[in-house]
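**Student:** Below is the sequence, then the predicted model.
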Amino acid sequence: MKFINLIFAGYFLIGQEPNVDIGNQPNEITSFFLYGILFLSIILNIILILLIKKSKRTKPSKNTTENHQEFYKSNYQILTKNNQLLKEKIIALEREIEIHNKKKESNDAQSSKVSITNENQFYEDDVINTYEFKNIKPKSVYLPSPFEEKRFSAEDVSDEIKTSSLYEIILDSSNITGQLTLIKGADFTKALNSPDHYLEKACVFENAFNSNAKGINVIHPGKVKLEDQDWVITEKIKIEYL
């Protein structure tokens with residue numbers, strides 16, 4: 001800035017009329033002085049032009065600065081708005097994820113509860129069925145000795161063991177057929193004293209009768225079938241004397 005002021009001072013000096021008395025000076029000195037002033041004027045003009053160009057390059061105009069400020073301000077506002085929108089979307093997304101996770105946990109808990117309930121129900125049903133299965137026993141009926149060869153009278157059938165009972169029929173699902181055997185723990189005294197009456201009509205013997213025998217062992221049960229109100233022996237019991 002001081003240098004520019006110096007230039008304008010030079011212009012002021014050049015614009016002043018020289019205090020020279022031409023008539024009193026030689027022509028060569030006058031010409032030299034005029035050429036010097038002209039040369040100085042040219043130099044000052046060149047320097048001024050260069051300074052003006054440099055000033056234009058380095059210093060933006062007021063309008064340009066204002067435009068830049070407006071541009072930056074506008075972009076800042078847009079960035080701020082977009083940033084706020086982005087934050088709101090992130091918050092909304094986090095809420096959706098949280099709701100989704102809660103629903104998933106609830107569904108998992110419900111599924112687990114249903115699964116446990118089903119397993120418990122299955123276990124209870126299985127226990128009940130097993131219990132019922134274990135408590136369902138084949139029905140048995142009891143009889144005294146046959147009234148004739150391979151034949152029991154249906155009138156002698158009893159659902160309970162009596163003192164006269166010696167044989168047991170274990171019925172199958174049809175209730176008209178079953179296995180024939182001797183009652184376990186029954187009193188075989190009469191049968192051992194009269195095997196022809198109590199045993200031979202329904203049994204075959206593995207060994208010969210011995211009057212000293214103390215008991216009877218069933219080797220293989222026989223089979224019976226209900227016919228005309230009588231239980232007919234289709235296969236005799238195989239026994240041995242002890």
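**Tutor:** Sure, I can see it.
**Student:** For this protein, which segments are assigned as strands?
**Tutor:** 140-143, 151-153, 167-171, 177-182, 203-205, 216-220, 222-227, 230-235, 237-241 (DSSP state E).
**Student:** Columns distance to residue 189 on top of those, output as TSV?
**Tutor:** All C-beta spots, glycine's among them, are computed from the backbone N, C-alpha and C. Putting the strands of the chain into TSV (distance: least, C-beta to C-beta, whole Å) gives the following:
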stretch	distance to residue 189
strand 140-143	18
strand 151-153	21
strand 167-171	16
strand 177-182	13
strand 203-205	16
strand 216-220	11
strand 222-227	22
strand 230-235	23
strand 237-241	13
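**Student:** who wins for proximity to residue 39 among the ones you listed?
**Tutor:** Residue 39 lies closest, by C-beta to C-beta, to one member of those: strand 167-171, at 150.1 Å.
**Student:** For the closest one, buried residues please.
**Tutor:** 167-169, 171 (16 or more other C-beta atoms under 10 Å).
**Student:** With stretch 235-242 instead?
**Tutor:** For stretch 235-242, by 16+ other C-beta under 10 Å, it's 236-237, 239, 241.
**Student:** CA atoms of it as PDB?
**Tutor:** C-alpha atoms of stretch 235-242 as PDB (Å, rounded to 0.1, in the frame of the first residue of the first chain):
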ATOM      1  CA  GLU A 235     -54.600-129.700  23.900                       C
ATOM      2  CA  LYS A 236     -53.900-131.400  27.300                       C
ATOM      3  CA  ILE A 237     -51.600-129.900  30.000                       C
ATOM      4  CA  LYS A 238     -48.200-131.500  30.200                       C
ATOM      5  CA  ILE A 239     -47.200-132.200  33.800                       C
ATOM      6  CA  GLU A 240     -44.700-134.100  36.000                       C
ATOM      7  CA  TYR A 241     -44.900-135.500  39.400                       C
ATOM      8  CA  LEU A 242     -42.500-134.200  42.000                       C
END
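**Student:** Now it: average pLDDT?
**Tutor:** For stretch 235-242, mean pLDDT rounds to 94.
**Student:** now stretch 83-94
**Tutor:** In this model, stretch 83-94 has an average pLDDT of 78.
**Student:** in the sheet, who's paired with the residue nearest to residue 219 when sequence neighbours are not counted?
**Tutor:** Excluding its sequence neighbours, the residue lying closest to residue 219 (C-beta to C-beta, 6 or more residues apart in numbering) is residue 238, at 4.4 Å. Counting by DSSP bridges, residue 238 forms beta bridges with residue 204, residue 220.
**Student:** measure residue 238 to residue 221 for me?
**Tutor:** Separation of residue 238 from residue 221 (C-beta to C-beta, to the nearest Å) stands at 8 Å.
**Student:** How is this structure divided into domains?
**Tutor:** 2-58, 63-136, 140-241 (automatic domain parsing).
**Student:** what's the span of the longest one, first residue to last?
**Tutor:** Spelled out, it's domain 140-241. End-to-end span of domain 140-241 (C-alpha to C-alpha, to the nearest Å): 25 Å.
**Student:** where does the protein dip in pLDDT?
**Tutor:** 1-35, 37-38, 41, 45, 52, 55-69, 71-76, 79, 82, 113-137 (pLDDT under 70).
**Student:** sorry, back to before: so the residue nearest to residue 219 touches residue 199, yeah?
**Tutor:** No: Residue 238 is beyond contact range of residue 199, at 11.6 Å (criterion: C-beta atoms under 8 Å).
**Student:** that older thread, tell me which of the strands of the chain sits nearest to residue 100.
**Tutor:** strand 167-171 (64.1 Å).
**Student:** So which residues make contact with the closest one?
**Tutor:** 138-145, 152, 157, 177-183, 202, 221, 224, 231 (C-beta atoms under 8 Å, 6 or more residues apart in numbering).
**Student:** Generate a PyMOL selection restricted to the buried subset of those residues.
**Tutor:** Restricted to buried positions by 16+ other C-beta under 10 Å, the PyMOL selection for those reads:
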select buried, resi 140+141+142+143+144+145+152+157+178+179+180+181+182+183+202+221+224+231
